[in-house]
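# could you look at this predicted model? Sequence included:
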Amino acid sequence: MFAIEDYQQAESVSQAVALLAADPGARLIAGGTDVLIRLREGHGDYARLVDINGIAELRGISLSDDGVLRIGAMSTFSEIMASGDVRRHAPVIAEAVGTAGGPQLRNVATIGGNVCNGAVSADSVGALLVHDARLEIQGPRERRRTPLQGFHTGPGRVALARDEVLVAFHIHPRDYRGFGAAYYKYAMREAMDIATIGCAAAVRLEGDAIGKLRLAFTVAAPTPVRCGHADRPLTAETLDAVAAAVAVDVQPRTSWRARRDFRLHIIRTLAARMTRRAAERAGGKF
Amino acid sequence: MRKTIACTINGGPYTLSVDVRQSLMDMLRELGLTSVKEGCGVGECGACTVLVDGRAVDSCIYLAVWAHGKTIRTAEGEAAQGRMSAVQQAYVDAGAVQCGFCTPGLIMTSTAFVEEHRGRKVSRDEIRRAHAGNLCRCTGYETIIRAVEKCLDREGEPPSSDGD
């Protein structure tokens, strides 16, 4: 038995917000692949649950008439991997969530949970960051939009008030059209593992050169990071500059998984390798 | 706190009063479906794998109340009229069982995979990736992969029983 003390099922986003607002100890449960493990480990912080599995508004992936890709927060990793809209317009998101856990986990785990639990290693986050995803968040008074960049405030922490609910991710066509993108998860095993370093890159070509580069890392700092210093035009000759530039944006730590200097080595290597792969997917030769 | 749920388990309709603190694994085992094993309890080993609406899930980290309105399948329901399903038979034929603890979960993962890929060409790598969530410490996986390959080779045969 999980040590659940209170459990309520919300049928709408507004009801979920009201239930959170009414009980300062209440937390959301989505796919449960993190929350139920926390409970099993004896953490009391998830003893009072508001279940959002029954809310239709949080599900579904669609493309609006003006080309904005919307991914409902409760979309499972498997649903994202199977989505034609994602595979056509932002396939790196499918590639990234396909590296999480194993098939059983991906059938249940949600992208909203992956982002909101604030994990530094979240496989979806790097890919969402290079597409400049925006978050649609419902609070007690208003529905707000905010960039994903800056949403993570520390390990396990995000800028979500405790009575707010993440509804969906939005990706504007200017942030996916013409881009090639790639994600690589460096881990000890090819499945059922946590990233030692995760790297996502998105590239838009201008002629033979990289006109736009967006690079993001997970587990490279206390939060997932977009590497602002690497976002600049490049040619094949200056690709090495990317590897040097990212060092300014990251702050890896030593843990039992890997030492800081080893992580830095992976970060530099992946910066160049993923930039090249993204450029090739954009149609370039590097 | 209890909730009443209605679901289909191995082809039969059930109305159950479940404790909201219960996992689907606990609920199924209490019904006598002890093919559902608790290995790690944290969604890493796959011994508790069951199908929920045709998709493999780790029932140890899945709340029992979420089964409401869903169709659940466990290894017990795969054999029909005393005959094993094609996947089960393939495991036997390939010698893909040693101690047997992981087998029911693997059978369910393979069943979902075979049903999804029937008639399609799949690589060994795809089979391996699709079974990455099930750990077996005895067989080394080779015979398991052979069993799955054999199921997919048998094109044109009727699909394995799904109990309903």
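Looks like it arrived, so ask away.
# quick one: pLDDT of residue B:163?
Each residue has a pLDDT score; the one for residue B:163 is 41.
# which residues of the chain fall in helices?
Just going to use chain A. Using DSSP state H, the helices of chain A run over residues A:13-22, A:35-40, A:77-82, A:84-89, A:91-97, A:103-106, A:111-116, A:123-130, A:239-249, A:260-281.
# my question was about chain B
Counting by DSSP H, chain B has helices at residues B:24-30, B:86-94, B:103-117, B:124-130, B:142-153.
# by mean pLDDT, which helix or strand of chain B comes out lowest?
Ranking every helix and strand in chain B by mean pLDDT, DSSP states H and E puts helix B:142-153 at the bottom, with a mean of 93.
# what separates that helix from the chain centre, distance-wise?
16 Å (CA atoms, centre = their mean, to the nearest Å).
# who does that helix touch, helix- and strand-wise?
Helices and strands touching helix B:142-153, by 3 or more CB pairs under 8 Å, 6 or more residues apart in numbering or on different chains; DSSP states H and E, are helix B:86-94, helix B:103-117, helix B:124-130. All C-beta spots, glycine's among them, are computed from the backbone N, C-alpha and C.
# could you say which of those is packed most deeply?
Using mean count of other CB atoms under 10 Å in any protein chain shown, the stretch among the helices and strands packed on helix B:142-153 with the greatest mean number of neighbours is helix B:103-117 (a mean of 24).
# do that one and chain A meet?
Yes - judged by CB under 8 Å from any CB of the partner chain, helix B:103-117 comes into contact with chain A at residue B:109.
# for residue A:46, find the nearest of the helices and strands packed on helix B:142-153.
For residue A:46, the closest of the helices and strands packed on helix B:142-153 is helix B:103-117, at 25.8 Å, according to CB to CB.
# could the C-alpha coordinates of that closest one be exported in PDB?
Taking Å, rounded to 0.1, in the frame of the first residue of the first chain, the C-alpha atoms of helix B:103-117 are listed here in PDB:
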ATOM      1  CA  THR B 103       8.300 -14.900 -17.500                       C
ATOM      2  CA  PRO B 104       4.700 -13.700 -17.100                       C
ATOM      3  CA  GLY B 105       5.800 -10.100 -17.300                       C
ATOM      4  CA  LEU B 106       7.900 -10.800 -20.400                       C
ATOM      5  CA  ILE B 107       5.100 -12.700 -22.000                       C
ATOM      6  CA  MET B 108       2.800  -9.700 -21.600                       C
ATOM      7  CA  THR B 109       5.500  -7.300 -23.100                       C
ATOM      8  CA  SER B 110       6.000  -9.700 -26.000                       C
ATOM      9  CA  THR B 111       2.300 -10.000 -26.500                       C
ATOM     10  CA  ALA B 112       1.800  -6.300 -26.800                       C
ATOM     11  CA  PHE B 113       4.800  -6.100 -29.200                       C
ATOM     12  CA  VAL B 114       3.700  -8.900 -31.400                       C
ATOM     13  CA  GLU B 115       0.100  -7.500 -31.700                       C
ATOM     14  CA  GLU B 116       1.500  -4.100 -32.500                       C
ATOM     15  CA  HIS B 117       4.000  -5.400 -35.100                       C
END
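# could you dump the helices and strands packed on helix B:142-153 to a markdown table with mean pLDDT?
Output for the helices and strands packed on helix B:142-153, formatted as a markdown table (pLDDT from 0 to 100):
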| stretch | mean pLDDT |
| --- | --- |
| helix B:86-94 | 96 |
| helix B:103-117 | 97 |
| helix B:124-130 | 96 |
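# for those, give me CSV that also has distance to residue B:35.
Output for these, formatted as CSV (distance: least, CB to CB, whole Å):
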stretch, distance to residue B:35
helix B:86-94, 11
helix B:103-117, 4
helix B:124-130, 20
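# nearest to residue A:91, out of these?
helix B:124-130 (17.1 Å).
# and the contacts of the closest one?
Contact with helix B:124-130 is made by A:103, A:191, B:109, B:113, B:117, B:141, B:145, B:148, B:149, as judged by CB atoms under 8 Å, 6 or more residues apart in numbering or on different chains.
# restrict it to CA atoms and write it as CSV.
Output of helix B:124-130 as CSV, limited to C-alpha atoms (Å, rounded to 0.1, in the frame of the first residue of the first chain):
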residue,chain,number,x,y,z
ARG,B,124,16.4,-7.8,-33.5
ASP,B,125,17.3,-4.4,-32.2
GLU,B,126,13.7,-3.3,-32.2
ILE,B,127,12.7,-6.4,-30.3
ARG,B,128,15.5,-5.8,-27.8
ARG,B,129,14.5,-2.1,-27.3
ALA,B,130,10.8,-3.1,-26.8
